[in-house]
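Enquirer: no FASTA, just this:
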(Lines give C-alpha, C1' and ligand atoms only; values in the text may rest on other atoms or scores of the structure.)
Protein backbone atom coordinates (compact mmCIF):
# COMPACT_ATOMS: atom_id res chain seq x y z
CA UNK A 1 0.00 0.00 0.00
CA UNK A 2 1.35 3.39 -0.98
CA UNK A 3 2.65 6.10 1.33
CA UNK A 4 1.57 8.69 -1.24
CA UNK A 5 -0.74 11.31 0.31
CA UNK A 6 -4.30 11.26 -0.95
CA UNK A 7 -5.58 14.42 -2.62
CA UNK A 8 -8.73 16.20 -1.42
CA UNK A 9 -11.02 14.41 -3.87
CA UNK A 10 -9.65 11.02 -2.86
CA UNK A 11 -10.16 11.80 0.83
CA UNK A 12 -13.74 12.96 0.23
CA UNK A 13 -14.44 9.77 -1.74
CA UNK A 14 -12.90 7.60 1.00
CA UNK A 15 -15.03 9.27 3.66
CA UNK A 16 -18.16 8.25 1.75
CA UNK A 17 -17.33 4.67 2.82
CA UNK A 18 -16.44 5.83 6.35
CA UNK A 19 -19.55 7.72 7.52
CA UNK A 20 -18.51 7.84 11.19
CA UNK A 21 -15.10 9.31 10.43
CA UNK A 22 -14.23 12.96 9.87
CA UNK A 23 -11.32 14.75 8.35
CA UNK A 24 -9.55 17.00 10.81
CA UNK A 25 -6.84 18.79 8.87
CA UNK A 26 -4.36 16.06 7.92
CA UNK A 27 -5.98 13.28 9.96
CA UNK A 28 -8.91 10.91 9.86
CA UNK A 29 -10.65 10.95 13.23
CA UNK A 30 -13.39 9.04 14.96
CA UNK A 31 -14.58 8.66 18.52
CA UNK A 32 -15.85 5.20 19.39
CA UNK A 33 -18.26 4.92 22.33
CA UNK A 34 -18.82 1.67 24.22
CA UNK A 35 -20.98 0.46 27.08
CA UNK A 36 -18.15 0.60 29.60
CA UNK A 37 -14.38 0.68 30.11
CA UNK A 38 -14.00 -3.06 29.60
CA UNK A 39 -15.65 -2.88 26.17
CA UNK A 40 -13.47 0.09 25.20
CA UNK A 41 -10.33 -1.78 26.22
CA UNK A 42 -11.44 -4.91 24.36
CA UNK A 43 -11.82 -2.77 21.23
CA UNK A 44 -8.33 -1.32 21.71
CA UNK A 45 -6.83 -4.80 21.98
CA UNK A 46 -8.60 -6.09 18.86
CA UNK A 47 -7.90 -2.86 16.94
CA UNK A 48 -4.30 -3.00 18.10
CA UNK A 49 -3.88 -6.39 16.44
CA UNK A 50 -5.25 -4.91 13.19
CA UNK A 51 -2.80 -2.01 13.43
CA UNK A 52 0.15 -4.27 14.22
CA UNK A 53 -0.70 -6.60 11.33
CA UNK A 54 -0.46 -3.59 9.01
CA UNK A 55 2.54 -2.05 10.79
CA UNK A 56 0.50 1.14 10.88
CA UNK A 57 -0.30 2.47 14.31
CA UNK A 58 -2.91 4.99 15.42
CA UNK A 59 -2.72 7.90 17.76
CA UNK A 60 -5.48 7.20 20.24
CA UNK A 61 -6.75 8.04 23.68
CA UNK A 62 -9.11 6.28 26.03
CA UNK A 63 -11.29 7.84 28.69
CA UNK A 64 -13.66 5.39 30.39
CA UNK A 65 -15.98 4.15 27.61
CA UNK A 66 -14.62 6.29 24.76
CA UNK A 67 -11.70 5.76 22.41
CA UNK A 68 -10.69 8.66 20.18
CA UNK A 69 -8.64 7.63 17.15
CA UNK A 70 -6.57 9.81 14.82
CA UNK A 71 -4.92 8.38 11.72
CA UNK A 72 -2.27 9.80 9.43
CA UNK A 73 0.92 8.45 7.91
CA UNK A 74 4.20 9.67 9.38
CA UNK A 75 6.23 8.50 6.38
CA UNK A 76 4.02 10.73 4.18
CA UNK A 77 4.86 13.82 6.23
CA UNK A 78 1.79 13.32 8.42
CA UNK A 79 -0.70 13.31 5.55
CA UNK A 80 -3.66 10.99 4.95
CA UNK A 81 -2.85 7.97 2.77
CA UNK A 82 -4.56 4.77 1.66
CA UNK A 83 -3.00 3.12 4.73
CA UNK A 84 -5.13 5.34 6.97
CA UNK A 85 -8.29 4.58 5.03
CA UNK A 86 -7.56 0.86 5.21
CA UNK A 87 -6.97 0.97 8.97
CA UNK A 88 -10.12 3.04 9.55
CA UNK A 89 -12.14 0.40 7.69
CA UNK A 90 -10.51 -2.34 9.76
CA UNK A 91 -11.40 -0.53 12.99
CA UNK A 92 -15.00 -0.20 11.78
CA UNK A 93 -15.09 -3.94 11.15
CA UNK A 94 -13.81 -4.59 14.67
CA UNK A 95 -16.84 -2.83 16.14
CA UNK A 96 -19.16 -4.48 13.61
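Expert: Yes, it's here. For clarity, every value in this text was computed on a predicted model and none was experimentally measured. Numbers count the residues shown, from 1 in each chain.

Enquirer: tell me how far residue 60 lies from residue 67.
Expert: Distance of residue 60 to residue 67, given as CB to CB, to the nearest Å: 6 Å. All C-beta atoms are positioned from the backbone trio N, CA, C, and that covers glycine.

Enquirer: these two: which has the busier surroundings?
Expert: Taking other CB atoms under 10 Å, residue 60 and residue 67 do not tie; residue 67 has more neighbours (23 against 19).

Enquirer: is it correct that the more buried one falls within a strand?
Expert: Yes. The assignment for residue 67 by DSSP: H, G, I helix; E, B strand; the rest coil puts it in a strand.

Enquirer: give me the nearest residue to it, chain neighbours excluded.
Expert: residue 32 (4.6 Å; CB to CB, 6 or more residues apart in numbering).

Enquirer: model confidence at that neighbour, what's the number?
Expert: What the model reports as pLDDT for residue 32 is 98.

Enquirer: who touches the host helix or strand of residue 41?
Expert: Under the criterion of DSSP states H and E, residue 41 resides in helix 37-54. With contacts defined as CB atoms under 8 Å, 6 or more residues apart in numbering, helix 37-54 is touched by 32, 34, 57-58, 60, 62, 64-67, 69, 83, 86-87, 90-91, 94-95.

Enquirer: which SS class is the closest residue to residue 21 other than its chain neighbours?
Expert: Counting by CB to CB, 6+ apart, residue 21 lies nearest to residue 30, which is 4.6 Å off, once chain neighbours are set aside. Following three-state DSSP, residue 30 is assigned to strand.

Enquirer: residue 30 bridge partners, please.
Expert: Beta-bridge partners for residue 30, by DSSP bridges, are residue 69.

Enquirer: about what we covered before: wait, the residue nearest to residue 67 touches residue 66, no?
Expert: Yes. The pair residue 32 / residue 66 is scored as a contact, 6.9 Å apart, by CB atoms under 8 Å.

Enquirer: pick out whichever of the two has more residues nearby.
Expert: The residue with more neighbours, out of residue 32 and residue 66, is residue 32; 21 against 13, by other CB under 10 Å.

Enquirer: for that one, give its distance to residue 48.
Expert: As for residue 32, its distance to residue 48 is 13 Å (criterion: CB to CB).
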